[in-house]
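Asks: What follows is a predicted protein model with its sequence.
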Amino acid sequence: MAKQNIFDNETFFSEYRKLREREVNANNLFEIPTLVSLLPDLEGKRILDLGCGSGERCIDYIKRGAAKVTGIDISEKMLEAAKTENADPKITYTRMPMEDIGSLNETFDVAISSLALHYVEDFSGVVRNVYRLLSDGGIFLFSQEHPLSTCYEGTEDRWTRDETGRKIHANIANYCVEGRKDSTWFVEGVQRYHRTFSTIVNTLADNGFKILQMVEPTPTEEILEKYPEYYDLYHKPDFLFVKAEK
């Protein structure tokens, strides 16, 4: 089955870039700060960025002292942006679905993936290959859409609200039904893959990883004062972070 390359859809790519360019978004408030807080020391390290997008994180890893960064992504449009906006002699950008990283003939000290693994059907295969590509003691750090979000199909109402429209609680259904879930996000038919917490953790453990940390970001009091709409993250976090060691 052909792997979906939704980021090369012109409408999706354009709308996604607009979203990321906004100063206030969930990535800037929660995803990036949490990812940065979990990073190991990158000084002199060889980094593999899985689903590198337009390369913002790759250039940041170089600034943090990484010796070399290999960024892979399936999207030609994203990689064009990366090579234009976030180029560096120490960064190599390669067009490749992350399911194919087994073809890489390199060793890395740290593998990082930011909000990309929920687009991958063969999670076990990717984890297995990451383990093989990492040096002993290497770190695998990734974020993904929270499993309480990936369980939704595109037509389901995610929230129960009161008469004022305030979100009272999340509507959770079919959490234990794993597999592909199609949704509408900018365009119809966006393919994501739902896995339970136990599947994520057991897949890592079964492939030899030791879980170091798991984080589900929630807003600080300061963020809630400025952006009270993010209180809904206390009902259902948007993101899950996992840090594991070979």
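Replies: Done, it's in.
Asks: In space, what's closest to the residue most central in space within the chain - neighbours in sequence excluded?
Replies: Among the residues of the chain, the one closest to the centroid is Leu115, at 1.4 Å (C-alpha atoms, centre = their mean). Distance criterion C-beta to C-beta, 6 or more residues apart in numbering; nearest residue to Leu115, sequence neighbours excluded, is Ser143 at 5.5 Å. In short, each C-beta sits where N, CA and C put it, glycine included.
Asks: Secondary structure of that neighbour: a helix, I assume?
Replies: No: counting by DSSP: H, G, I helix; E, B strand; the rest coil, Ser143 is located in no helix; its state is strand.
Asks: my read: it touches Phe241, true?
Replies: Yes: Ser143 lies in contact with Phe241 (C-beta atoms under 8 Å); the separation is 4.9 Å.
Asks: The two: who's more crowded?
Replies: Shown here are Ser143 and Phe241; by other C-beta atoms under 10 Å, Ser143 has more neighbours (26 against 22).
Asks: Give me the pLDDT for the more buried one.
Replies: Here, the pLDDT recorded for Ser143 equals 97.
Asks: Show me what the helix or strand hosting Cys58 is packed up against.
Replies: Per DSSP states H and E: Cys58 is located in helix 56-63. Contact here means 3 or more C-beta pairs under 8 Å, 6 or more residues apart in numbering; DSSP states H and E; on that basis helix 56-63 packs against strand 46-50, strand 68-73, strand 91-95, strand 108-114.
Asks: Next, format these as a markdown table and append mean neighbour count, distance to Lys210 and mean pLDDT.
Replies: Formatted as a markdown table, the helices and strands packed on helix 56-63 follow (neighbours: other C-beta atoms under 10 Å; distance: least, C-beta to C-beta, whole Å; pLDDT from 0 to 100):
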| stretch | mean neighbour count | distance to Lys210 | mean pLDDT |
| --- | --- | --- | --- |
| strand 46-50 | 25 | 19 | 98 |
| strand 68-73 | 24 | 24 | 97 |
| strand 91-95 | 17 | 29 | 96 |
| strand 108-114 | 24 | 14 | 97 |
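Asks: Using a markdown table, lay out these together with distance to Phe209.
Replies: Conversion of those to a markdown table gives the following (distance: least, C-beta to C-beta, whole Å):
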| stretch | distance to Phe209 |
| --- | --- |
| strand 46-50 | 15 |
| strand 68-73 | 20 |
| strand 91-95 | 24 |
| strand 108-114 | 11 |
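Asks: if we can go back for a sec, residues in contact with the helix holding Cys58?
Replies: Residues outside helix 56-63 that contact it (C-beta atoms under 8 Å, 6 or more residues apart in numbering) are 35-36, 42, 47, 49, 52, 69, 71, 82, 86, 88, 90-91, 93, 112, 114.
Asks: Quickly note the distance from the spatially most distant residue from the centre of the chain to Lys181.
Replies: The centre of the chain is farthest from one residue, Glu163, which by C-alpha atoms, centre = their mean lies 34.5 Å away. Glu163 sits 30 Å away from Lys181, going by C-beta to C-beta, to the nearest Å.
Asks: Start and end of stretch 136-152, how far apart?
Replies: Its first and final residues considered, stretch 136-152 spans 37 Å by C-alpha to C-alpha, to the nearest Å.
Asks: Just the buried positions in it, please.
Replies: 138-152 (16 or more other C-beta atoms under 10 Å).
Asks: tell me the mean pLDDT over stretch 225-233?
Replies: Here the average pLDDT along stretch 225-233 is 93.
Asks: Figure out the length between the terminal residues of that stretch.
Replies: 14 Å.
Asks: With stretch 143-160 instead?
Replies: So stretch 143-160: terminal residues 27 Å apart, C-alpha to C-alpha.
Asks: returning to that earlier point: identify the contacts common to Ser143 and Phe241.
Replies: Taking C-beta under 8 Å, 6+ apart as the contact criterion, the common neighbours of Ser143 and Phe241 are Thr34, Leu35.
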